[in-house]
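> Mind looking at a prediction? Sequence and model below.
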Amino acid sequence: MTSKCLWERRISIMSTFYFIKNDDFSDTLKLSKILINDSEDLIHKVVGWVLREIGNRDQAAEEKYLKKHYKQMPRTM
(Lines give C-alpha, C1' and ligand atoms only; values in the text may rest on other atoms or scores of the structure.)
Protein backbone atom coordinates (compact mmCIF):
# COMPACT_ATOMS: atom_id res chain seq x y z
CA MET A 1 0.00 0.00 0.00
CA THR A 2 1.66 3.20 -1.14
CA SER A 3 -1.10 5.69 -0.39
CA LYS A 4 0.00 8.99 1.13
CA CYS A 5 -3.05 8.88 3.38
CA LEU A 6 -2.26 7.36 6.78
CA TRP A 7 -5.82 6.14 7.22
CA GLU A 8 -5.89 4.32 3.88
CA ARG A 9 -2.67 2.50 4.76
CA ARG A 10 -4.01 1.68 8.22
CA ILE A 11 -7.36 0.34 6.98
CA SER A 12 -5.59 -1.69 4.28
CA ILE A 13 -3.79 -3.77 6.90
CA MET A 14 -6.69 -3.82 9.37
CA SER A 15 -9.05 -5.12 6.71
CA THR A 16 -6.96 -8.27 6.37
CA PHE A 17 -8.22 -9.38 9.80
CA TYR A 18 -11.11 -11.07 7.99
CA PHE A 19 -8.59 -13.31 6.24
CA ILE A 20 -6.61 -13.88 9.44
CA LYS A 21 -9.79 -15.15 11.12
CA ASN A 22 -10.07 -17.64 8.24
CA ASP A 23 -6.42 -18.73 8.59
CA ASP A 24 -5.28 -17.02 5.38
CA PHE A 25 -2.21 -14.94 6.24
CA SER A 26 -0.67 -14.30 2.83
CA ASP A 27 -2.13 -10.83 2.15
CA THR A 28 -1.46 -9.69 5.71
CA LEU A 29 2.18 -10.76 5.53
CA LYS A 30 2.64 -9.10 2.14
CA LEU A 31 1.19 -5.81 3.41
CA SER A 32 3.21 -6.06 6.60
CA LYS A 33 6.37 -6.29 4.53
CA ILE A 34 5.34 -3.22 2.51
CA LEU A 35 4.46 -1.22 5.63
CA ILE A 36 7.46 -2.27 7.72
CA ASN A 37 9.33 0.96 6.96
CA ASP A 38 6.34 3.27 7.27
CA SER A 39 7.08 6.54 9.08
CA GLU A 40 3.86 6.55 11.15
CA ASP A 41 3.66 5.04 14.62
CA LEU A 42 -0.01 4.15 14.11
CA ILE A 43 0.98 1.91 11.21
CA HIS A 44 3.68 0.21 13.31
CA LYS A 45 1.10 -0.52 16.01
CA VAL A 46 -1.50 -2.02 13.69
CA VAL A 47 1.07 -4.15 11.88
CA GLY A 48 2.26 -5.45 15.26
CA TRP A 49 -1.34 -6.19 16.20
CA VAL A 50 -2.08 -8.22 13.07
CA LEU A 51 1.19 -10.11 13.45
CA ARG A 52 0.19 -11.00 17.00
CA GLU A 53 -3.19 -12.19 15.72
CA ILE A 54 -1.43 -14.40 13.17
CA GLY A 55 0.73 -15.78 15.98
CA ASN A 56 -2.35 -16.55 18.05
CA ARG A 57 -3.52 -18.81 15.22
CA ASP A 58 -0.25 -20.09 13.76
CA GLN A 59 2.85 -19.41 15.81
CA ALA A 60 5.16 -20.94 13.20
CA ALA A 61 3.93 -18.53 10.50
CA GLU A 62 4.50 -15.55 12.78
CA GLU A 63 7.96 -16.74 13.82
CA LYS A 64 8.96 -17.29 10.19
CA TYR A 65 8.03 -13.68 9.38
CA LEU A 66 9.73 -12.32 12.50
CA LYS A 67 12.98 -14.23 11.89
CA LYS A 68 13.19 -12.73 8.43
CA HIS A 69 12.20 -9.14 9.30
CA TYR A 70 12.90 -8.47 12.98
CA LYS A 71 15.98 -6.32 12.29
CA GLN A 72 13.91 -3.91 10.19
CA MET A 73 10.94 -3.71 12.51
CA PRO A 74 10.40 -0.55 14.55
CA ARG A 75 10.14 -0.90 18.33
CA THR A 76 6.39 -0.32 18.45
CA MET A 77 5.75 -3.00 15.86
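Done, it's in.

> Please count neighbours and contacts with C-alpha atoms only from this point.
Will do.

> which other helices and strands contact the helix or strand hosting R9?
Following DSSP states H and E, the helix or strand that holds R9 is helix 6-14. Judged by 3 or more Cα pairs under 8 Å, 6 or more residues apart in numbering; DSSP states H and E, helix 6-14 is in contact with helix 26-35, helix 41-57.

> Tell me what angle that helix forms with helix 41-57.
Helix 6-14 runs at 10 degrees relative to helix 41-57, counting by axes from the mean of the first three to the mean of the last three Cα atoms, to 10 degrees.

> So for the helix or strand where F19 lies, what gets flagged as buried?
Taking DSSP H and E as the definition, F19 sits inside helix 17-21. Neighbour-count burial for helix 17-21, with 16 or more other Cα atoms under 10 Å as criterion, is recorded at 17, 20.

> and if you look at stretch 35-45?
So for stretch 35-45, counting by 16+ other Cα under 10 Å, buried means 35-36, 38, 42-45.

> picking that back up, so for the helix holding R9, mean pLDDT?
Helix 6-14 comes out with an average pLDDT of 96.

> And the contacts of it?
Residues outside helix 6-14 that contact it (Cα atoms under 8 Å, 6 or more residues apart in numbering): 1-3, 28, 31-32, 40, 42-43, 46-47, 50.

> now those: which count as buried?
By 16+ other Cα under 10 Å, the contacts of helix 6-14 give 28, 31-32, 42-43, 46-47, 50 as buried.

> In those residues, find the pair that's most separated.
T28 and L42 (16.3 Å; Cα to Cα).

> returning to that earlier point: of the buried ones among the contacts of helix 6-14, closest to K71?
The closest of those, once distances to K71 are taken by Cα to Cα, is S32, at 14.0 Å.

> Let me know whether that closest one touches V47 as I believe.
Yes - the pair S32 / V47 is scored as a contact, 6.0 Å apart, by Cα atoms under 8 Å.
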